[in-house]
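Peer 1: from the sequence below, what's the structure:
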Amino acid sequence: MIYVIATIEVKPGKREPFLAEFHRNMPNVRAEKGCIEYGPTVDLKTDIKAQIPLRENTVTIVEKWESLQALQAHLQAPRMGEYRERVKGMVAGLTLQVLEPR
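Peer 2: Numbers count the residues shown, from 1 in each chain. All right, here's what the predicted structure looks like:
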């Protein structure tokens, strides 16, 4: 099993439209072979001292996949290419962390 943390910086004012498009695509991804968990999150304001400052233009996708091969198939899926095309005007940047449990 692997975990993926995708941090997506969206353009100002585009977080809600991005999330709407993400939610439209989410059932397709969750139906993919090897997908265990897949969903968007946004920063929550707390009084926890170690928390980083709130990021109003960031969406963090938390994913869990059965294997690296399942993740790679997901990244190459035609539906994901179509999804990326629909959101490209909303996205300012993207980073991925691919993690394994220890």
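Peer 1: what about stretch 43-63, average pLDDT?
Peer 2: If you average the pLDDT over stretch 43-63, you get 97.
Peer 1: let me redo that: stretch 69-87
Peer 2: 96.
Peer 1: buried residues, it. List them.
Peer 2: Across stretch 69-87, burial judged by 16 or more other Cβ atoms under 10 Å covers A70, L71, A73, H74, M80, Y83, V87. Heads up, the C-betas are built off the backbone N, CA and C, glycines and all.
Peer 1: between the residues you listed, which is nearest L19?
Peer 2: For those, the closest approach to L19 (Cβ to Cβ) belongs to V87, at 10.1 Å.
Peer 1: hmm, the closest one is touching R15, no?
Peer 2: No: at 11.4 Å, V87 does not count as touching R15 under the criterion of Cβ atoms under 8 Å.
Peer 1: ranges for the helices of this structure?
Peer 2: Per DSSP state H, the chain carries helices over the ranges 15-30, 68-76, 78-87.
Peer 1: packing partners of the first one?
Peer 2: Looking back up the chat, that one is helix 15-30. strand 35-41, strand 58-65, helix 78-87 (3 or more Cβ pairs under 8 Å, 6 or more residues apart in numbering; DSSP states H and E).
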